[in-house]
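*Asks:* build the 3D model from these lines:
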Amino acid sequence: ADARPGEPPRGARGRETMAMENLPDRSESWMFEDDDPRRRVTEKRDTKMPNTATFILHKEDHTVADLIRMQLLRDDLVHFAGYRVPHPLINDVHVKVQVKDATATPAKILEQAVEALKGEVEHIQMQFSQSFARPDDEILGGVV
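*Replies:* From the prediction side, this is the model:
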């Protein structure tokens, strides 16, 4: 039988309902539950390359991974830094870090990179807040 006026055909309505039932909650892709046993970062030491480790950042994406990679590459002790996303539907990124010598561990270098990024974000937030505290003519360089 035909669908009523203004309604989708019966087959289309069923597929749409089924797709919505299978759709995971959006917050699951980025938010940790209180009882989630996984840590945010997991370290895997590389046995084939010296002074190298891969860090799995759970529930993160290209945005954070690329920021960390770029910050790592600013460090003179870092020989290699890169990342990959194993699958587009899995919200994990793998960041690989190789340091030039054994005086610093990849974990310590990653921690320093994250702390440096935190400092940069705080600086940007401060500049942004200060820009709203100034009079408009000061922001425009006196041109009104």
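
*Asks:* only C-alpha atoms for contact and neighbour calcs from this point on.
*Replies:* Will do.

*Asks:* and the longest helix anywhere in the chain, what's its mean pLDDT?
*Replies:* Longest helix of the chain, by residue count under DSSP state H: helix 106-133. Confidence over helix 106-133 (mean pLDDT, whole number) is 93.

*Asks:* how about the strands in this structure?
*Replies:* Taking DSSP state E as the criterion, the chain carries its strands at 41-45, 52-58, 78-84, 92-99.

*Asks:* check contacts around Val99.
*Replies:* For Val99, the contacting residues are Asn51, Thr52, Leu77, Val78, His79, Phe80, Thr105, Pro106, by CA atoms under 8 Å, 6 or more residues apart in numbering.

*Asks:* repeat that for 10 Å
*Replies:* 50-53, 72, 75-81, 105-107, 109 (CA atoms under 10 Å, 6 or more residues apart in numbering).

*Asks:* kindly report the same for Arg74.
*Replies:* Ala81, Ala113.

*Asks:* quick one on the thing from earlier: mind putting the strands of the chain into a markdown table with mean pLDDT and distance to Gln127?
*Replies:* Formatted as a markdown table, the strands of the chain follow (pLDDT from 0 to 100; distance: least, CA to CA, whole Å):
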| stretch | mean pLDDT | distance to Gln127 |
| --- | --- | --- |
| strand 41-45 | 92 | 30 |
| strand 52-58 | 95 | 29 |
| strand 78-84 | 97 | 29 |
| strand 92-99 | 96 | 30 |
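
*Asks:* among those, which is nearest Asp66?
*Replies:* Evaluated over the strands of the chain, closeness to Asp66 peaks at strand 78-84, with 7.5 Å, by CA to CA.

*Asks:* by contact count, what packs against the closest one?
*Replies:* In terms of contacts (3 or more CA pairs under 10 Å, 6 or more residues apart in numbering; DSSP states H and E), strand 78-84 is packed against strand 52-58, helix 62-73, strand 92-99, helix 106-133.
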